[in-house]
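Trainee: turn this into a structure:
(2 chains)
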Amino acid sequence: MNIFTNSQLDLVKRLTASGISKPDTWRCSATTNLFVCILQIPLLLHVTGPLHAADSGRDANAAINNETLIATSQEKVVKLYGAGGARGLESYQSGIIIDNSGHILTSWSTVLDVAKVRVVTFDGRRLDATMVGMDPQNELAILKVDDGGLVGFDLSKAVPASPGQRVFAISNLFGIAAGNESCSAQKGVIMALTSLTTRRGKTKSLYQGRVYVLDAMTNNPGASGGALIDLQGRLVGILGKEIRDEQAGIWLNYALPMDVVKSSVDRILSGNTSVQASGLKSVAQPHRISDLGITLIPDVLAKTPPYVDHVRDGSIASRAGLQTNDLILLLNDQRADSRKSLEKMLATINRADSFYVLVQRGQELIRIHVRP
Amino acid sequence: METTKAQTMTRQRRKQVVLYLGLVLFGVGSFLESNCGAQEDVTNLESAPVPNEAVLAAQQQRVEAMQRASRSTVAVYGTDGQGGGSGVCVSSDGYVLTNFHVSSPFGHRMRCGLNDGKMYDAVVAGSDPTGDLAVLKMVGRTDFPVAAIGDSDIVRIGQWCFAAGNPFVLATNLQPSISYGLISGVRRYQYPSGTILEYSDCIQTDAAINPGNSGGPLFNIRGELIGINGRCSFEKRGRVNVGVGYAISIKQAMNFFSQLRSGRVVDHATLGFTVTTENNGKVAVSNILESSDAYRRGIRYGDEILRLGDRDVATTNQLKNILGIFPDQWRIPIRYRNDSGVAETYIRLQSLHLASELEEIVQGESPQKQPQRKPPGGKNPIPGDKDKLEAPKPTKPVKKDAVDDLYTEKRGFSNYYFNRFELDRILGLQSTHGDWSSTAESWKIIGEIPGENLNVEMLLSDTNLTLRLGDKTDTVHPIQGWPKWIKQRSSVGALMGMRIWQQWNRVGPRLMGEAVYLGQNPIVGRQKLFDVTRITVSDFDVMVYTSPDTGLIEVIEVFSDKQTDPVELFIEKYESVDGRATPKTIRLAYGLESQFVVSIGQLQKSEVTARPGL
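Mentor: Numbering: from 1, shown residues only, chains lettered A, B, ... in the order given. Purely as a prediction, here's the structure:
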């Protein structure tokens, strides 16, 4: 299948080494974008030409291989439905099954702001998932469904990929597939492995780590959480959330590499940044939101996000550096998914003890030490 | 004031287009540069990769497939050289498949460019506003390059494909642009969005489908035609390719092709019932019209639909997908389950729209009344095809010519000329099997019902029709009062059928009533499709199925009304008598039940000058 991959990669390395063009970082500015697009696409088109030939050259065999590996991978990608549906926020996205015990990895997004996320598997089964935990840094979350029958990707077999390598993206972009219909498959080439540096106010992304930049239109509404696989069907990345350069209006197509993904999976599954653990005991004299000097937005939803509406001058919160419009994500590394759960979690911390919160302020994640 | 605004808008749009062109051209330019650059580098490097022979051979195959495919790809323009979309030529006499939303703004006349660098005049034949298809006819050659028709039923996700066409009206030299991609999804159902346009059972690809690609072909990697590109998912990313394009399957397009060649505004179908997917996953009938053929065939509220056409049904979308590929009036097999078990039957599909509804849509889409089409959000027909972009100017000035002879305006038709043309074709075929116009109006048919030793005698004349079946004699008027007999499923149905057969052959369909060629439809139990002509005679309709090879009548259906099964007279065997193909075995049926078979011994008639009239 991949007889040309090595020489092809080799060629890319030589070309890039000889200084033709390889952006070290992906800057979401219009000029760089265009520069990257224009330089990279033709370059890679040329380089990848022979591989296309290799694929079609195997006639039926190659076709069957592609079909089979995509079909196999499609069975490990699920459609997720949750909150949203208004004001340009989609209520659907994609997820991948990451083991055989019902864990589903997906993007951490507003879609998950519901008590139960609806999971629809490749064969049309509808399952309810609960949140295991999330990693705000990498914008990933893990859900769990109680279904022994699900077979997922083997994360230990996930591999790194290199620029110039051909990949397939599998996701339910635009929510096209419903019920037992197959998620969509797209072809692409990894254009660059680079870090996603974004400038505040230009591009909205919490994630600022390494990404594979793709030459295909993969990151459409609903695609985030989808799988990026290589031509052997091995997982090489997970499709990220939509990112758009607000000035140039250009959308970035990218995926998080598997080492980044695996670090999140390990963190979440080891219990850090998990959803509030049950059995926490309230203490006699706990912290209270009002005592901290914070007003949160009114609790009107089943899961009202704990947004700071106001911080009283001179209060504990004010001294710690909390600000209006901060969204409290984690409290001592436990997820506060709603105002109610934040209140419950605060009730377990003694008033005399300090604690940490992780807040989202605009497109930044800030860890704040709150000392009484 | 408004003009200024419009001008500014146009200018802005032009600017946008120029920007697109600029980007793409820049891309191409730098491609060439880096291509050369890369080659230089390769030669400078030690141990540069040596391409594998098999790889080069495969590349050559692909190049050839694309070259072959490019020959049948058509660039569609208005007569003033404005606008632009794509199409594909599917017959050597110049029939082109395209999208309805490509052809409709141009009126009946347009110009088609092929990659031989020539522009050909073309005229619209038929339109399918629901399925977004249209058929054009190019003139000027009898050897137009034809696309090889593939099998869209065996297209699978993960296969390679390519689109050819005229994106952004780039084909100024009439060479189509090719975009390569993957089959992303199959059997997609896309709801109508703001229009009646419904894409069912379509193919999803990530091959770039941009404005101007509409109506153009999607080929598999062997260069066989598998779909007609026509729709994209856009939403918030502007009206260019975002990696999701949809093609109407070639299966659907070819099912409709003969219908569209009829010059009609063709319709899609309903089953006469609706379904819902129940909680247990069953697709069950949730509502059924008692006047529908489905009801008469035994389908009832709550029955589970298992299979339709040649495919299993497990979801509502699958049912809609299957239904969407069939024209109305087709009879297709269905398998369903009720309390007494699984049953199979055929149902006759009903029209989805009233004739007046379709007429309104076509009127609304015509160039005189072209509204700014603004379907809300979601999946829209690719816009921009109609944008007034610069395109090659027609080489010759437009004057009254051969194309005008190929156009006849008539209500309910895209181009009535083609309806006459097709009916003439059928009559031409038939005339080679003997001329009945010189026979007198009185015929006597003598035969028997084999196995029952029952003599049958039919007397046909302009005064009355008589059937003697054993000792029983029935007489009916040669034209009036038929519906009441049909409702009783009477044996005289055979008499009516033979009267239609007689008159079709003696005086011709056009003197019997209003004759309209419909296209090709299936006959239950037969593999092929048959030409169907509908004749409206006083208070009833007749459908005549003729063989596309011989032009001989195979089945005659006489309809009293929509609530009643029609007479079905099958001419099962012909025999040549005095140089005329004469019915030898006929069979009468109602619904799917045969009444009797008649073996005809003798058809007595005298030779006089024919008198018209039924």
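
Trainee: where does the stretch 201-350 of chain A come near chain B, residue by residue?
Mentor: When proximity is defined as Cβ under 8 Å from any Cβ of the partner chain, the stretch 201-350 of chain A approaches chain B at A:216-218, A:220-221, A:249, A:251. Heads up, the C-betas are built off the backbone N, CA and C, glycines and all.

Trainee: try 7 Å
Mentor: Contact residues (Cβ under 7 Å from any Cβ of the partner chain) of the stretch 201-350 of chain A with chain B: A:216-218, A:220-221, A:251.

Trainee: before we move on, what SS does whatever residue of the stretch 201-350 of chain A ends up closest to chain B have?
Mentor: Residue of the stretch 201-350 of chain A nearest chain B, by Cβ to the nearest Cβ: A:Met217 (2.8 Å). Three-state assignment for A:Met217 (DSSP: H, G, I helix; E, B strand; the rest coil): coil.

Trainee: rewinding a little: got the residues of the stretch 201-350 of chain A next to chain B as TSV, with pLDDT and neighbour count columns?
Mentor: Formatted as TSV, these follow (pLDDT from 0 to 100; neighbours: other Cβ atoms under 10 Å in any protein chain shown):
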residue	pLDDT	neighbour count
A:Ala216	91	20
A:Met217	90	21
A:Thr218	91	30
A:Asn220	90	29
A:Pro221	90	20
A:Trp251	86	20
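
Trainee: now for those: which two are most distant?
Mentor: A:Ala216 and A:Pro221 (15.5 Å; Cβ to Cβ).

Trainee: where does the prediction get shaky in chain B?
Mentor: B:1-48, B:192-196, B:234-238, B:366-400, B:608-614 (pLDDT under 70).

Trainee: helices of that one, start to end?
Mentor: B:2-44, B:53-72, B:100-103, B:250-261, B:293-296, B:316-324, B:355-365, B:402-405, B:416-431, B:482-487, B:493-506 (DSSP state H).

Trainee: for the second one, packing partners?
Mentor: Here helix B:53-72 touches helix A:30-57, strand B:160-165, going by 3 or more Cβ pairs under 7 Å, 6 or more residues apart in numbering or on different chains; DSSP states H and E.

Trainee: if you set the cut-off to 8 Å instead, what comes out?
Mentor: helix A:30-57, strand B:160-165, strand B:177-190, strand B:217-220 (3 or more Cβ pairs under 8 Å, 6 or more residues apart in numbering or on different chains; DSSP states H and E).

Trainee: give me the angle between the second one and strand B:177-190.
Mentor: Counting by axes from the mean of the first three to the mean of the last three Cα atoms, to 10 degrees, strand B:160-165 lies at 110 degrees to strand B:177-190.

Trainee: does any bit of strand B:160-165 sit next to chain A?
Mentor: Yes - Strand B:160-165 reaches chain A (Cβ under 8 Å from any Cβ) through B:Trp160.

Trainee: just checking, what packs against that strand?
Mentor: So strand B:160-165, by 3+ Cβ pairs under 8 Å, 6+ apart, packs with helix A:30-57, helix B:53-72, strand B:73-77, strand B:85-89, strand B:177-190, strand B:199-205, strand B:217-220, strand B:224-233.

Trainee: now the angle from that strand to strand B:85-89?
Mentor: Going by the same axes, to 10 degrees, strand B:160-165 makes 110 degrees with strand B:85-89.

Trainee: okay, strand B:160-165 in PDB with CA atoms only?
Mentor: C-alpha atoms of strand B:160-165 as PDB (Å, rounded to 0.1, in the frame of the first residue of the first chain):
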ATOM      1  CA  TRP B 160     -11.300   7.300  -5.600                       C
ATOM      2  CA  CYS B 161     -13.300   9.500  -8.000                       C
ATOM      3  CA  PHE B 162     -13.000  12.700  -9.900                       C
ATOM      4  CA  ALA B 163     -15.200  15.500 -10.900                       C
ATOM      5  CA  ALA B 164     -15.000  17.300 -14.200                       C
ATOM      6  CA  GLY B 165     -16.600  20.600 -15.100                       C
END
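
Trainee: which single residue in the stretch 451-600 of chain B comes nearest to chain A?
Mentor: B:Gln527 (27.5 Å).

Trainee: can you get me a residue count around that residue?
Mentor: B:Gln527: 6 surrounding residues under other Cβ atoms under 10 Å in any protein chain shown.

Trainee: ok, now B:Phe413?
Mentor: Counted with other Cβ under 10 Å, B:Phe413 comes out at 21.

Trainee: find the nearest non-adjacent residue to it, please.
Mentor: B:Gly263 (5.2 Å; Cβ to Cβ, 6 or more residues apart in numbering or on different chains).

Trainee: I figured that neighbour hits B:Asn415, correct?
Mentor: Yes - at 4.5 Å, B:Gly263 counts as touching B:Asn415 under the criterion of Cβ atoms under 8 Å.

Trainee: what about the two, which has more around it?
Mentor: B:Gly263 (31 against 27).

Trainee: what about that one, distance to B:Tyr407?
Mentor: 10 Å (Cβ to Cβ, to the nearest Å).

Trainee: where do the contact lists of the two overlap?
Mentor: Taking Cβ atoms under 8 Å, 6 or more residues apart in numbering or on different chains as the criterion, B:Gly263 and B:Tyr407 both touch B:415, B:417.

Trainee: so the residue lying closest to A:Ala302 once chain neighbours are set aside: helix, strand or coil?
Mentor: Nearest non-adjacent residue to A:Ala302, counting by Cβ to Cβ, 6+ apart: A:Ala115, 6.4 Å away. Following three-state DSSP, we place A:Ala115 in the coil state.
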